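Colleague: Pasting the sequence and the predicted model now:
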Amino acid sequence: MSSVENDLYQEVVMEHKRAPRNFGHLDHPSHQAQGTNPSCGDRVAVELLLDGNTVQDIRFSGQGCAICMASTSMMTEAVKGQDVALAQALQQHFRAVLTGEEDPEEAPLGKLVSLAGVRQYPSRIKCALLGWHALMHAIAGNQEAANTEDGIPATEGGVA
């Protein structure tokens, strides 16, 4: 990662950590799920208001490291007002970029591409994916907490 890319990555992460977007609770969510990362203690809850197949509104709450909070904040901006299928596709591309399966320059991530630098820190990949796991659980109507230890090989998140 170049110095410029690293500076952008750090700037974006700190901006979203300081002022997370869509942080808080919805009055009447139609879907919700929580996510935990036992490795580091990050905890995130995602609340959705789905209108048909559209994410009409989204909020998140919880606490976590800067990467976790920034990624979840940026996720809410990216999926709010979008079709559920787009949210699912974004999650797949984002995960593929972080795990090295997809080139960041080729992935249709928009502003989320600024978090591609996380791939340089394998132990932090789970942090960046936690909010996305909770989002996918919420969309699926799965009330069980999403856990970063489930379904992510150790090589994707460092220590499992």
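Modeller: Cool, got the structure. Numbers count the residues shown, from 1 in each chain.

Colleague: neighbours of the nearest residue to residue 61 once chain neighbours are set aside, just the number please.
Modeller: In space, and not counting its chain neighbours, residue 61 is closest to residue 45: 5.0 Å by C-beta to C-beta, 6 or more residues apart in numbering. Where C-beta positions appear, they are placed from N, C-alpha and C, glycine not excepted. The local packing of residue 45 (other C-beta atoms under 10 Å) involves 20 other residues.

Colleague: correct me, but residue 45 touches residue 62?
Modeller: Yes: at 5.4 Å, residue 45 counts as touching residue 62 under the criterion of C-beta atoms under 8 Å.

Colleague: what is in contact with these two at once?
Modeller: When contacts are counted by C-beta atoms under 8 Å, 6 or more residues apart in numbering, the set common to residue 45 and residue 62 consists of residue 34.

Colleague: tell me the contacts of residue 69?
Modeller: 16-17, 20, 63.

Colleague: Likewise for residue 26?
Modeller: Residue 26 is in contact with 47-49, 57-59, counting by C-beta under 8 Å, 6+ apart.

Colleague: Tell me the spacing between it and residue 102.
Modeller: Plainly put, residue 26 is 32 Å away from residue 102 if you go by C-beta to C-beta, to the nearest Å.
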